[in-house]
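Enquirer: Give the three-dimensional model of this entry:
(chains A and B)
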Amino acid sequence: MRYVCLVYMERQDLTAVPDTDCMAFGESLRASGHYVAAEALQPAETATAVRVRAGKVAVTDGPFAETKEQLAGFYLIEASDLDEALRVAAEIPPARAGTIEVRPVRQLSAQQPGAPRAPR
Amino acid sequence: MNARPGSLPPTAEAAARAAAETVYRAESRRVFATLVRLLGDFDLAEEALHDAFRAALEQWPRDGVPANPRAWLVSAGRFKAIDGIRRRARFDSLEDRADEVEAIAGEDGPERETIEDDRLRLVFTCCHPALAPDAQVALTLREICGLTTEEIAAAFLTAAPTLAQRIVRAKAKIRDARIPYQVPGPDELPARLDSVLRVVYLVFNEGYSASSGDSVTRVDLSGEAIRLGRLLVALLPEPEAQGLLALMLLHESRRAARTAPNGDLILLDEQDRAAWNRDLIAEGTALVERALASRRCGPYALQAAIAAVHAAAARAADTDWAQIVALYDLLLRADPSPVVALNRAVAVAMRDGPAAGLALVDAILGRGDLEDYRLAHAARADLCRRLGRTAEARAAYQRALALTRQAPERRFLDRRLRELGE
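Expert: From the prediction side, this is the model:
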C-alpha cells in the first residue's frame, strides 16, 4: 500500500535541516525498499495557481494558505500498513522541525468515478 | 410448530436455543474479534457475526449444540462472509475478490490462544493513536465491550447520531489508512500501551465521577473499564496494566462510602471505612505488589500503591503518611506534573504539619502552573484554615468556588466557607 508523507514547515525553518541529511535519508529509503518518489519544494512564494472555470484558464499568484506552515516537500512510500508508514515518517529529517502528514493513497475506481469508497 | 423427522424433541430444541443465546452473550465479542482478523473489515465482521448467530438459532435446535460453539460460529461467520463476497464479486472486479476469498478460506481453525490474541489486537486497533481520542473511547466500548451506540451516547451525554458518526469515521480511517490489526512489537509497546490504558482509565473516571442521581439509566462505565482492565492483565502481564487495574479496583472499593445519601461528596478522611469493599481492596493490593515487584512500574502502579496505603489504614488517623510521601516522590519522578506536586504537598502537610504543606502549595501556585485549578485553591484554603489564617482561607475557598462547576463540590466548599464563620 502507498502513502504520501507531506512535509510541512514554517518559512524560517525551511533551511533548518541540512540537505545532506535528506539525501542520506533518501538513500536509506531506497535501500529499505520503501522509496517510490520524493522531492523537496521551493518556498510557497514561488507557487502559481491554475483554475479552469467555464472553460477559461485563470492563472494567479499563490495560493497562500492561512496557516504558518507550508508544504516543503513530499515522499511517496510503499508500506504494509499505517504503523510501518508512521515509522518511516518519524525518520524523515524535517519531522524534527516541522510536521509530517501521512495520507494513504486512494485507488481510482472505474465503478465510482471520483468518489471515495463509501462505508458499507 | 410441527416436529420434523430427525429434529430434536421440543425441550431439547428450547435448550439449544437458550444455549445459542448464552453463547452469544458470553462470546460474541470474541467471535467478532477473530472475524475482524479473518475478514480485515469491521463492518463485514459485524455482518458475518449476525449471520453466524442467525444460522446457529436455526441449526442448533435442529442438529444439537456443536462441541465447540465458538469455533462453529467463527467458521460459520467466515463462510457467510465468503458467500457474500462471491455474490458481490459478480458485479465487482473479479480477481480482487477471488484473492480475498482465497485469503479468508486459507485460514486455520481458531485455537483458544489465537482467539484471545485477536481480542488484544482489537484493543490496540481501537486505541490506535492515529484515531481521535474520543473516537478511541467510543470504538473500544462499541467493539470490545459490545455496548450499543445508544448506550455509549447516554453514558457520555452525547447525541447518538454524533457518536455514531464518530464511530463510522473511525472505522473508515482504520480501513482506508490501513491501521493494522496487531499487537505492537516490543519497541512500540510501551507508548501504544499508554494509549490503551489512557482510554480504559478515561472510561473508568467517566463512570466514577458521574453524578449518582441519573446513574440508574447510564451503563456502568466503571464496571466496563474494570472488565477491560482484567482482560488486559490476563492477556498482557505488563506492570502498568496491573497498576491501572489495581488503581481502578481500589477506587471502586470506596464507591459506597464516598457519597452521602443526598449526593454530597465525603472526603477520604471522613469516609466510613467499614463500607469499603474488602474483596476489591485485597485484589487491588495484591496487584500493586506484583506491579511493584517488577521494578518496572510507572505512574498507574504508583498511584495504586498510594491508594493501597490509604486502604490499609483502619482509621484515617492510622494512615502511613511517610510512606505516601515517599510514593509521591517516586510518582513525581515518573510523572513530573504540577497536579502530582500538589498532591505530594498535601501528603507532606499530613506528615509534617500544615505549615510545611502550605509552603509547598504556595511555591506551586507561585510558578503559575495551577492558577486556575480549583483543587489547588481548595488545598490552600484547607491548610490556611488548619493554621488559623481565616481570612486567607476564606479568600482561597472563594477562589476555588468560582472555578468549580460540579454541584456536590460547590456544596462542599460552601459548607467549609460557612464553617469558617464571620
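
Enquirer: Can you give me every residue that contacts whichever residue of chain A sits closest to chain B?
Expert: Sorted by distance to chain B under CB to the nearest CB, the residues of chain A start with A:Asp81, at 3.9 Å. Backbone N, C-alpha and C define where each C-beta goes, glycine included. Contact partners of A:Asp81, counting by CB atoms under 8 Å, 6 or more residues apart in numbering or on different chains, are A:1, B:178-180.

Enquirer: Among those residues, which ones are in strands?
Expert: Among the contacts of A:Asp81, no member falls in strands (DSSP state E).

Enquirer: Mind putting these into CSV with distance to A:Arg53 and pLDDT?
Expert: Below are the contacts of A:Asp81 laid out as CSV (distance: CB to CB, whole Å; pLDDT from 0 to 100):
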residue, distance to A:Arg53, pLDDT
A:Met1, 35, 94
B:Arg178, 36, 93
B:Ile179, 38, 93
B:Pro180, 43, 90
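
Enquirer: Contacts only, for residue 72.
Expert: Answering for chain A, as no chain was given. A:7-9, A:14, A:40-41, A:94, A:98.

Enquirer: switch to chain B, that's the one I care about
Expert: By CB under 8 Å, 6+ apart, the neighbours of B:Trp72 are B:56, B:66.

Enquirer: before we move on, which element is it in?
Expert: Per DSSP states H and E: B:Trp72 is located in helix B:69-89.

Enquirer: what comes up buried for that helix?
Expert: Within helix B:69-89, the residues that qualify as buried by neighbour count (16 or more other CB atoms under 10 Å in any protein chain shown) are B:69-82, B:85, B:89.

Enquirer: cool, and stretch B:394-413?
Expert: B:394, B:396-397, B:399-401, B:403-404, B:408-409, B:411-413.

Enquirer: chain center to the lowest-mean-pLDDT helix or strand in chain A, what's the gap?
Expert: Least confident helix or strand, chain A: strand A:56-61 with a mean of 92, by mean pLDDT, DSSP states H and E. Here strand A:56-61 is found 24 Å from its chain centre; the criterion is CA atoms, centre = their mean, to the nearest Å.

Enquirer: Only alpha carbons, please: show that strand as PDB.
Expert: These are the backbone C-alpha positions of strand A:56-61, laid out as PDB (Å, rounded to 0.1, in the frame of the first residue of the first chain):
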ATOM      1  CA  LYS A  56     -11.400  29.500 -19.200                       C
ATOM      2  CA  VAL A  57      -7.900  29.100 -17.700                       C
ATOM      3  CA  ALA A  58      -7.200  31.600 -14.900                       C
ATOM      4  CA  VAL A  59      -3.600  31.900 -13.600                       C
ATOM      5  CA  THR A  60      -2.800  33.800 -10.300                       C
ATOM      6  CA  ASP A  61       0.000  34.200  -7.800                       C
END
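
Enquirer: by contact count, what packs against it?
Expert: If you count contacts as 3 or more CB pairs under 8 Å, 6 or more residues apart in numbering or on different chains; DSSP states H and E, strand A:56-61 packs onto strand A:48-53.

Enquirer: As CSV, could you dump the C-alpha coordinates of the strand it packs on?
Expert: Output of strand A:48-53 as CSV, limited to C-alpha atoms (Å, rounded to 0.1, in the frame of the first residue of the first chain):
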residue,chain,number,x,y,z
THR,A,48,1.3,29.6,-9.1
ALA,A,49,-2.4,28.7,-9.0
VAL,A,50,-4.3,27.5,-12.1
ARG,A,51,-8.1,27.2,-12.2
VAL,A,52,-10.3,26.3,-15.1
ARG,A,53,-13.8,27.9,-14.8
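
Enquirer: Who wins on neighbours among the contacts of A:Ala72?
Expert: In terms of neighbour count, A:Val7 stands highest of the contacts of A:Ala72 at 28 neighbours, by other CB atoms under 10 Å in any protein chain shown.

Enquirer: you'd agree it is up against A:Leu71?
Expert: Yes - contact criterion CB atoms under 8 Å: A:Val7 and A:Leu71 qualify, at 7.2 Å.

Enquirer: For B:Arg37, what are phi and psi?
Expert: Backbone torsions for B:Arg37, taken as degrees, to the nearest 10, come to phi -60, psi -50.

Enquirer: Who are the contact partners of it?
Expert: Contact analysis of B:Arg37 by CB under 8 Å, 6+ apart lists B:118, B:121, B:181.

Enquirer: tell me which of those is nearest to chain A?
Expert: Distances from chain A to the contacts of B:Arg37, taken by CB to the nearest CB, are shortest for B:Tyr181, at 8.7 Å.

Enquirer: Is there a neighbour count for that closest one? I'd like the number.
Expert: For B:Tyr181, the count of nearby residues is 18 (other CB under 10 Å).

Enquirer: how much space between it and B:Leu39?
Expert: Going from B:Tyr181 to B:Leu39 by CB to CB, to the nearest Å gives 10 Å.

Enquirer: Grab the nearest non-local neighbour of B:Ile226.
Expert: Excluding the flanking residues, the one nearest B:Ile226 by CB to CB, 6 or more residues apart in numbering or on different chains is B:Met248, at 5.3 Å.

Enquirer: before we move on, what about B:Ala316?
Expert: Nearest residue to B:Ala316 in three dimensions, chain neighbours excluded: B:Asp269, at 3.9 Å (CB to CB, 6+ apart).

Enquirer: go on, B:Leu35?
Expert: Nearest residue to B:Leu35 in three dimensions, chain neighbours excluded: B:Ala45, at 3.8 Å (CB to CB, 6+ apart).

Enquirer: and the helix or strand containing that neighbour, which residues are buried?
Expert: In the assignment (DSSP H and E), B:Ala45 maps to helix B:42-63. For helix B:42-63, burial by neighbour count (16+ other CB under 10 Å) applies to B:42, B:44-49, B:51-53, B:55-56, B:59-61.

Enquirer: So which of those is the closest to chain A?
Expert: B:Leu44 (7.1 Å).

Enquirer: mind giving me the domain split of chain B?
Expert: For chain B, automatic domain parsing gives the domain ranges B:10-110, B:112-234.

Enquirer: Tally up the residues packed near B:Ala379, please.
Expert: Neighbours of B:Ala379 under the rule other CB under 10 Å: 25.

Enquirer: And B:Arg278, by the same measure?
Expert: B:Arg278 has 10 nearby residues by other CB under 10 Å.

Enquirer: Provide a list of residue ranges in chain B with pLDDT below threshold.
Expert: When residues are selected by pLDDT under 70, those of chain B lie in B:1-9, B:89-116, B:209-219, B:422.

Enquirer: coming back round to it: among the contacts of A:Asp81, give me the pair with the biggest separation.
Expert: Distances among these were taken as CB to CB; the most separated pair is A:Met1 and B:Ile179, at 11.5 Å.

Enquirer: In terms of neighbours, single out the busier of those two.
Expert: Legend: neighbour count by other CB under 10 Å for A:Met1 and B:Ile179, higher for B:Ile179 (23 against 15).

Enquirer: so the more buried one touches B:Thr125, yeah?
Expert: Yes - between B:Ile179 and B:Thr125 there is a contact at 6.0 Å, judged by CB under 8 Å.

Enquirer: separation between the residue in chain B positioned nearest to chain A and B:Ala396?
Expert: Per CB to the nearest CB, B:Pro180 is where chain B lies closest to chain A, at 3.9 Å. The span separating B:Pro180 from B:Ala396 equals 51 Å under the rule CB to CB.

Enquirer: Then B:Trp321?
Expert: In terms of CB to CB, B:Trp321 sits 22 Å off from B:Ala396.

Enquirer: count of neighbours near the spatially closest residue to B:Glu371 that is not a sequence neighbour?
Expert: Excluding the flanking residues, the one nearest B:Glu371 by CB to CB, 6+ apart is B:Leu365, at 6.7 Å. As a burial measure, B:Leu365 scores 19 neighbours (other CB under 10 Å).

Enquirer: Repeat that for B:Ala349.
Expert: B:Ala349 is flanked by 24 other residues according to other CB under 10 Å.

Enquirer: That one is in what secondary structure piece?
Expert: For B:Ala349, the host element (DSSP H and E) is helix B:338-352.
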